[in-house]
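A.B. asks: got a predicted structure plus its sequence, pasted below:
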Amino acid sequence: MNNIVERVSLSEVCRVEAGAGFPLEYQGLKNQEFPFFKVGDMNSEGNEKEMHVFGHSISEETRKKLGAIAFPAGTIVFPKIGAAIATNKKRILVKPSCVDNNVMALIPSENLLSDYLFYLLQKKDLSEFANTGNPPSIRQTTIEEWVIPLPPLPEQRRIADLLSRADRLRRLRRVGDTLSASLLQSVFLEMFGEPKANPKGWYYFELDKLKLYISDGNYSSKYPRADEFVSKGIPFIRANNLKNHTVIWDDMRFITPEKHEYLQKGHIRTDDLLITTRGNIGLVGLVPSDFDDANINAQLVLIRCKGTKLNPRYLLWVLEMPSIREQFDYLQTGTALQQLPVGNLIQLEIPVPPLSEQEQFAAVVRRVESLRGRAGESARQGEGLFQSLLDEAFRG
């Protein structure tokens, strides 16, 4: 955008609304008129950009009873409360839908293209909108006051089309990660059986009984203040840095070595398993060597398997099995901000095959990780192209 472009407050070209409460007695129906999305639905396969997959829907009668808005297609939604804000997810509705009260919705006017606003939001970290409360939240007025560039509609369309093509390219290059995950789940089931059916009769143990080192991250008064983050230093890993079963550098924050030493909790080592325990509970990943002796925040818990009956790669994939993940539902606490306290996490039960068999599985995982690493270079190139175009489109 080389020419001078008009800048306006978002409220001038967009309606900002919050979602509605969604009592349990209305949940679970899938054949009603309006999909009813919750924050967790943004993580569903198929909902990476547009919201197609839903677990709940409501009728027009129920919508009126709840006072829920049926947001039109093209509405952009994102989390507005709790740890989910840090996941930085933004999505587009593809049909009239409702959202719950943990979600904020942006309804563009005729002067603002939905796709243009969506890509403009990719340049914005949602945490910048959030207050410092406990839990953090995003106020409607804060969003409304956001000043955005507003070029003419043809220019908005040109920018959106260009970024959409680059976006599709980078998403295609990510398909390999999904395929490798499906492959490893199949290998796991072949070697160990489905955990709930437990056809091989493995003994189950609570995590607490396996002599693991388990620790959450830093919170309360020890959590780094905004002015304590630096441009270079010790990585300070948050939930949004956990992706594809590993830690990524995207949107990484850093603390000084002195602050790192001061924080007695959350020091991680290579092959520690990290799990999210606030907001989007149950994301898991292993710490690569790049992040040895980094630190984690309060959204994460580390599990160290060294010297125990568990191989960390086996632990990661058993925690990805649906019948094991069911335990997260009854071990978590909270409503507005869901949490999985360490005291509850250690009650989680898993099957434990002999370590030698776990290590055979881990060898397969390592080979797949190696292949994925090579494919990851291509994916990084696609990501770099997209980010470069994003910077060019919205610079200034």
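C.D. replies: Ah, there it is. Numbering: from 1, shown residues only.
A.B. asks: outline the domain layout of this structure.
C.D. replies: Here the domain parsing of the chain from automatic domain parsing is 7-149, 151-179+354-396, 203-352.
A.B. asks: where's residue 301, which helix or strand?
C.D. replies: Secondary-structure assignment from DSSP states H and E places residue 301 in strand 300-304.
A.B. asks: next, residue 127: secondary structure please.
C.D. replies: Following DSSP: H, G, I helix; E, B strand; the rest coil, residue 127 is assigned to helix.
A.B. asks: what's the distance between it and residue 239?
C.D. replies: Between residue 127 and residue 239 the computed distance is 11 Å (CB to CB, to the nearest Å). Glycine gets a C-beta too; all of them are placed from N, C-alpha and C.
A.B. asks: more crowded one of those two?
C.D. replies: Neighbours per residue, other CB atoms under 10 Å: of residue 127 and residue 239, the larger number sits with residue 239, 26 against 17.
A.B. asks: need the per-residue pLDDT for the more buried one.
C.D. replies: pLDDT recorded at residue 239 is 91.
A.B. asks: report the contact partners of it.
C.D. replies: When contacts are counted by CB atoms under 8 Å, 6 or more residues apart in numbering, residue 239 touches 83, 86, 87, 276, 278, 279, 280, 283, 297, 299, 300.
A.B. asks: tell me the contacts of the third one?
C.D. replies: Listed by CB under 8 Å, 6+ apart, the contact set of residue 87 reads 42, 79, 239, 240, 279, 280.
A.B. asks: so of those residues, which ones are in strands?
C.D. replies: residue 79 (DSSP state E).
A.B. asks: which one of the contacts of residue 87 is nearest residue 254?
C.D. replies: Among the contacts of residue 87, residue 240 lies closest to residue 254 (CB to CB), at 14.7 Å.
A.B. asks: how far away is the closest one from residue 104?
C.D. replies: 18 Å.
A.B. asks: do the same with residue 297
C.D. replies: Counting by CB to CB - residue 297 and residue 104 are separated by 23 Å.
A.B. asks: where in the chain is pLDDT low?
C.D. replies: 1-3, 172-179, 335-337, 372-384, 396 (pLDDT under 70).
A.B. asks: can you give me the helices in it?
C.D. replies: 60-66, 114-122, 140-144, 153-173, 175-192, 257-262, 312-319, 322-331, 342-345, 355-394 (DSSP state H).
A.B. asks: tell me the most buried of the ones you listed?
C.D. replies: Mean neighbour count, computed with mean count of other CB atoms under 10 Å, is highest for helix 312-319 among the helices of the chain, reaching a mean of 24.
A.B. asks: list the helices and strands that helix packs on?
C.D. replies: Under the contact criterion of 3 or more CB pairs under 8 Å, 6 or more residues apart in numbering; DSSP states H and E, helix 312-319 touches helix 175-192, strand 273-276, strand 284-286, strand 349-351, helix 355-394.
A.B. asks: nearest to residue 198, of the ones you listed?
C.D. replies: Across the helices and strands packed on helix 312-319, closest to residue 198 is strand 349-351 (CB to CB), at 5.9 Å.
A.B. asks: partners of the closest one, with directions?
C.D. replies: With DSSP bridges as the test, strand 349-351 is paired with strand 204-206 (antiparallel).
A.B. asks: how far away is residue 354 from residue 313?
C.D. replies: Distance from residue 354 to residue 313, by CB to CB: 15 Å.
A.B. asks: and what of residue 6?
C.D. replies: On the measure of CB to CB, residue 6 and residue 313 end up 53 Å apart.
A.B. asks: do the same with residue 60
C.D. replies: Residue 60 is 49 Å from residue 313, by CB to CB.
A.B. asks: over to residue 272?
C.D. replies: Distance from residue 272 to residue 313, by CB to CB: 12 Å.
A.B. asks: just give the nearest non-adjacent residue to residue 273, would you?
C.D. replies: residue 303 (4.4 Å; CB to CB, 6 or more residues apart in numbering).
A.B. asks: which ones are touching that neighbour?
C.D. replies: When contacts are counted by CB under 8 Å, 6+ apart, residue 303 is found next to 207, 212, 213, 214, 272, 273, 274, 275, 312, 315.
A.B. asks: repeat for residue 23
C.D. replies: Neighbouring residues of residue 23 by CB under 8 Å, 6+ apart: residue 66.
A.B. asks: spatially central residue in the protein, please.
C.D. replies: residue 87 (4.5 Å; CA atoms, centre = their mean).
A.B. asks: how close does that residue sit to residue 294?
C.D. replies: Residue 87 is 19 Å from residue 294, by CB to CB.
A.B. asks: also residue 22?
C.D. replies: 37 Å.
A.B. asks: next, count neighbours for the closest residue to residue 43 other than its chain neighbours.
C.D. replies: Nearest residue to residue 43, sequence neighbours excluded (CB to CB, 6+ apart): residue 280, at 5.9 Å. The burial count assigned to residue 280 is 23, neighbours taken as other CB under 10 Å.
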